[in-house]
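Chemist: Structure for the following, please:
(chains A and B)
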Amino acid sequence: EAQVTQNPRYLITVTGKKLTVTCSQNMNHEYMSWYRQDPGLGLRQIYYSMNVEVTDKGDVPEGYKVSRKEKRNFPLILESPSPNQTSLYFCASSTDRFRETQYFGPGTRLLVL
Amino acid sequence: QKEVEQDPGPLSVPEGAIVSLNCTYSNSAFQYFMWYRQYSRKGPELLMYTYSSGNKEDGRFTAQVDKSSKYISLFIRDSQPSDSATYLCAMSVNDYKLSFGAGTTVTVRA
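Modeler: Prediction:
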């Protein structure tokens, strides 16, 4: 089954404790992206990747890191989480026609205390 | 001012009504326009995609783009309770970086 998986789905952590949210896709997609969703603000793009070892900032990259060492994986790293990073996070992947075929993962709900 | 403005609603209509959703934007460089549907506790799914100005129809859904007015619309004809969801508009300049509206929550009453 074609899918985008994220882990963990739910996470409660404390300020400053480094964490990684994994994202994996099995569709051989070149493009992957991370978003956060907050009430009243909609989806905001954090980082995106056009291919292995090629990443770029979205609208809200501060406090986040990403890496794309393999085509299927695109982890999101929070080196020192803060309460304002409490949010719902989505990973997405696409074929070469990024705008048309973007598939989203199920989401990771993060609470930073 | 946000780059993409979307009325959050909520919008409640009776079954069979036409649902009209819209977004305005400020960046004239946007050339790719999308509508996503998001059910509760799920990730968004792409509904419609339009390049530049014009209309596009897919079953009960029609997307319109008016670049001169910086205004896009989504119409849902013969709405069904299964159409109850949050609808998000999204736009892109370069095919990689997407800007989303805040989403409009729609409820279709049976």
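
Chemist: Roughly how far does the closest residue to residue A:57 other than its chain neighbours sit from residue A:91?
Modeler: Closest residue to residue A:57 apart from its sequence neighbours, by C-beta to C-beta, 6 or more residues apart in numbering or on different chains: residue A:47 at 6.1 Å. Every C-beta, even on glycine, is put in place using the N, C-alpha and C of the backbone. As judged by C-beta to C-beta, to the nearest Å, residue A:47 and residue A:91 stand 10 Å apart.

Chemist: For the residue positioned nearest the centre of chain A, list the residues it contacts.
Modeler: What sits nearest the mean C-alpha location of chain A, by C-alpha atoms, centre = their mean, is residue A:34, with 3.0 Å. By C-beta atoms under 8 Å, 6 or more residues apart in numbering or on different chains, residue A:34 lies in contact with A:23, A:45-48, A:58, A:64, A:66, A:74, A:76, A:89-92.

Chemist: Let's see that with 10 Å instead.
Modeler: Residues near residue A:34 by C-beta atoms under 10 Å, 6 or more residues apart in numbering or on different chains: A:6, A:21, A:23, A:44-49, A:55, A:58, A:60-61, A:64, A:66, A:74-76, A:89-92, A:105, A:108.

Chemist: So which of those belong to strands?
Modeler: Judged by DSSP state E, strands contain the following of these: A:6, A:21, A:23, A:44-49, A:55, A:66, A:76, A:89-92, A:108.

Chemist: partner residues bridging the residue nearest to the centre of chain A?
Modeler: Note on residue A:34: beta-bridge partners by DSSP bridges are residue A:47, residue A:91.

Chemist: before we move on, what SS does the residue nearest to residue A:104 when sequence neighbours are not counted have?
Modeler: Computed as C-beta to C-beta, 6+ apart, the closest residue to residue A:104 that is not its neighbour in sequence is residue B:43, at 3.2 Å. Secondary structure state of residue B:43, per DSSP: H, G, I helix; E, B strand; the rest coil, is coil.

Chemist: quick one: contacts for residue B:43?
Modeler: Contacts for residue B:43 (C-beta under 10 Å, 6+ apart) come out as A:4, A:6, A:35, A:37, A:43, A:88, A:90-92, A:102-107, B:36.

Chemist: Could you give me the PyMOL selection string for whichever of those are buried?
Modeler: A single PyMOL command selects the buried members of the contacts of residue B:43 (16 or more other C-beta atoms under 10 Å in any protein chain shown):
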select buried, (chain A and resi 4+6+35+37+43+88+90+91+92+102+103+104+105+107) or (chain B and resi 36)
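
Chemist: and the residue in chain A that chain B sits nearest to, what is it in contact with?
Modeler: Chain A approaches chain B most closely through residue A:104 (3.2 Å), counting by C-beta to the nearest C-beta. Counting by C-beta under 10 Å, 6+ apart, residue A:104 makes contact with A:4, A:6, A:33, A:35, A:43, A:90-93, B:36, B:38, B:42-46.

Chemist: what's the answer for residue A:50, then?
Modeler: By C-beta under 10 Å, 6+ apart, the neighbours of residue A:50 are A:30-33, A:56, A:68, A:94, A:96, A:98, B:95-96.
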